[in-house]
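Novice: here's a sequence, model it:
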Amino acid sequence: MKAMVVIGGGEISQFSTLAIDTHIVQLTGKRTPIALFIPTASGDSEDYFNAFKSTYVDRLGCEAKALRFDYRTTEYSRNGRSDLII
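Specialist: Sure thing, here's the model as predicted:
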């Protein structure tokens, strides 16, 4: 079974989410799971991604990746369900 766990909130740089982060990694059952960082729509600083890596790579043994957006591109949806784009 494949699953995706999505969380938000907390202060990862201060390890306030470490308990849930640890649980999520354990749910994978993998030796080196992949943790994907998805920035907010306004974009997150490289420092925030580095804090994510500090937790998921250095402490929890994951491989970390980041979903990067090109904020110079504007998408326009007309007469459709924009919620299905995601």
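Novice: what is the helix or strand of the chain with the lowest mean pLDDT packed up against?
Specialist: Least confident helix or strand of the chain, by mean pLDDT, DSSP states H and E, is helix 46-53 with a mean of 88. On a contact count with 3 or more C-beta pairs under 8 Å, 6 or more residues apart in numbering; DSSP states H and E, helix 46-53 meets strand 34-37, strand 63-66. Just so you know, the C-beta spots here come from the backbone N, C-alpha and C atoms, and that holds for glycine as well.
Novice: residues contacting the residue nearest in space to the middle of the chain?
Specialist: In the chain, the residue lying closest to the centroid (C-alpha atoms, centre = their mean) is Phe37, at 2.6 Å. Counting by C-beta atoms under 8 Å, 6 or more residues apart in numbering, Phe37 touches Phe49, Phe52, Ala64, Lys65, Ala66, Leu67.
Novice: for the lengthiest helix in the chain, buried residues please.
Specialist: Ordering each helix of the chain by length in residues (DSSP state H) puts helix 18-28 first. Across helix 18-28, burial judged by 16 or more other C-beta atoms under 10 Å covers Asp21, Ile24, Val25.
Novice: nearest spatial neighbour of the last one, skipping sequence neighbours?
Specialist: If I follow you right, that is Val25. Leu60 (4.7 Å; C-beta to C-beta, 6 or more residues apart in numbering).
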